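Engineer: Quick one, fold the following:
(one chain, ligands or ions: 1)
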Amino acid sequence: MRRLLIAGNWKMNLDRGRSLSLVQGLVESLRNTSNVDVAVCPPSVYLGELGKALHGSNIGLGAQNAYNQPEGAYTGEVSCGMLKDVGCQYVILGHSERRAIFGETDLMVNEKLHAVLAAGLTPIVCVGETLQEREAGKTQQVVESQCKGSLAGLSHEQMLKTVVAYEPVWAIGTGKTATPAQAEEVHKDIRELLGSLFSSETSQKVIILYGGSVKADNALELLSEPNIDGALVGGASLKQDSFLGIVQAASSVKK
Ligand code: 13P
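Structural biologist: Okay, the predicted model is just below:
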């Protein structure tokens with residue numbers, strides 16, 4: 001049985017005061033939630049302070065990116081060791097915005113993935129097709145190629161420690177969610193691919209999140225699909241009520 005994970009990707013949003021009050025509100029409200037894993041991934045400048053606010057709570061802290069080297073002359077970058085130092089447990093890698101705006105390739109994502117795992121952090125590796133690719137009937141091909149490239153060279157043990165997030169680019173920030181059936185189809189493909197790359201036993205244990213306009217009112221039907229193990233939430237993670245609504249939906253899912 002896979003535990004559901006609900007992770008909020010705040011992207012480059014919220015200021016210091018609003019970050020802190022959101023985290024304090026979540027800590028208080030989720031004190032008794034134990035059947036779902038929850039994490040927030042704020043902008044990196046707030047990680048240290050929010051790590052302290054989350055200390056001792058049941059909410060994990062994640063970064064939105066990391067560099068593949070442990071230290072050195074890499075102006076503007078942050079290492080996995082530094083993220084761990086301030087209390088991070090998770091690192092989002094290869095988000096479509098990083099791929100599209102900052103030119104991240106599968107190879108770069110893969111190098112970061114190995115660094116994140118070596119530091120003992122949990123990577124959340126994002127994959128997903130654009131609208132053009134979906135309309136050209138290339139969804140499976142694109143997602144499989146991103147998975148193979150991004151997850152290259154992992155041992156079975158490392159794959160088990162890696163979370164995959166399927167985020168169709170056309171559903172991100174657009175209000176257009178993939179239907180539960182559309183999302184499930186790709187999640188099932190990803191799990192089958194992991195089965196062929198690793199083993200069926202390993203693939204059955206990997207957490208595969210869905211991301212793309214997940215809201216409190218569509219979370220339950222998405223999360224009820226057999227191969228959807230949680231959500232990577234953008235816009236709806238910025239407000240306490242909407243994020244809590246998604247966590248509550250996850251908490252009530254029976255599979
Ligand atoms: P939205 O939930 O705002 O569509 O963003 C999804 C996302 O990109 C999460 O990483």
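Engineer: In space, what's closest to the residue of the stretch 151-255 of the chain found nearest the ligand - neighbours in sequence excluded?
Structural biologist: Using Cβ to the nearest ligand atom, G234 is the residue of the stretch 151-255 of the chain that sits closest to the ligand, at 2.2 Å. C-betas here are computed from N, CA, C, even on glycine. The shortest distance from G234 to any non-neighbouring residue, by Cβ to Cβ, 6 or more residues apart in numbering, is to N9 (5.3 Å).
Engineer: OK, contacts around the residue of the stretch 1-150 of the chain found nearest the ligand?
Structural biologist: Residue nearest to the ligand within the stretch 1-150 of the chain: N9 (3.7 Å; Cβ to the nearest ligand atom). With contact set as Cβ atoms under 8 Å, 6 or more residues apart in numbering, N9 has these partners: 41, 64, 92, 95, 211, 232-234, 237.
Engineer: Specify the beta-bridge partners of it.
Structural biologist: Judged by DSSP bridges, the bridge partners of N9 are C41.
Engineer: pLDDT at it, what is it?
Structural biologist: The score at N9 is 98. That number is its pLDDT.
Engineer: Likewise for A100?
Structural biologist: pLDDT, A100: 97.
Engineer: how far away is S213 from G235?
Structural biologist: 7 Å (Cβ to Cβ, to the nearest Å).
Engineer: anything in contact with each of those two?
Structural biologist: G173.
Engineer: hang on, isn't V78 packed against Y67?
Structural biologist: Yes: under the criterion of Cβ atoms under 8 Å, V78 makes contact with Y67 at 6.2 Å.
Engineer: any idea which of the contacts of N9 is closest to V253?
Structural biologist: Among the contacts of N9, V233 lies closest to V253 (Cβ to Cβ), at 15.1 Å.
Engineer: Now for that closest one: which residues touch it?
Structural biologist: Per Cβ under 8 Å, 6+ apart, neighbours of V233: 6-9, 211, 214, 243, 246.
Engineer: could I get the contacts of N9 as CSV with distance to Q141 and secondary structure?
Structural biologist: Below are the contacts of N9 laid out as CSV (distance: Cβ to Cβ, whole Å; DSSP: H, G, I helix; E, B strand; the rest coil):
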residue, distance to Q141, secondary structure
C41, 29, strand
Q64, 27, coil
I92, 24, strand
H95, 20, coil
G211, 20, strand
L232, 22, strand
V233, 27, strand
G234, 25, coil
S237, 30, helix
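Engineer: Now do the contacts for Q140.
Structural biologist: 186, 189.
Engineer: centre of the chain versus the longest helix along the chain, how much separation?
Structural biologist: Within the chain, and with DSSP state H defining each element, the longest helix by residue count is helix 180-197. Offset of helix 180-197 from its chain centre (Cα atoms, centre = their mean, to the nearest Å): 16 Å.
Engineer: does the ligand sit close to that helix?
Structural biologist: No: applying Cβ under 6 Å from any ligand atom, one finds helix 180-197 out of contact with the ligand, separated by at least 12.6 Å.
Engineer: I'd like to know which elements that helix is packed against.
Structural biologist: helix 139-150, strand 163-166, helix 200-205, strand 208-211, helix 219-223 (3 or more Cβ pairs under 8 Å, 6 or more residues apart in numbering; DSSP states H and E).
Engineer: List the contacts of stretch 102-110.
Structural biologist: Contacts of stretch 102-110 (Cβ under 8 Å, 6+ apart): 68, 93-94, 98-99, 125, 145-146, 148-153.
Engineer: Which among those count as buried?
Structural biologist: Buried residues within the contacts of stretch 102-110, defined by neighbour count using 16 or more other Cβ atoms under 10 Å: 68, 93-94, 98-99, 125, 146, 149-151.
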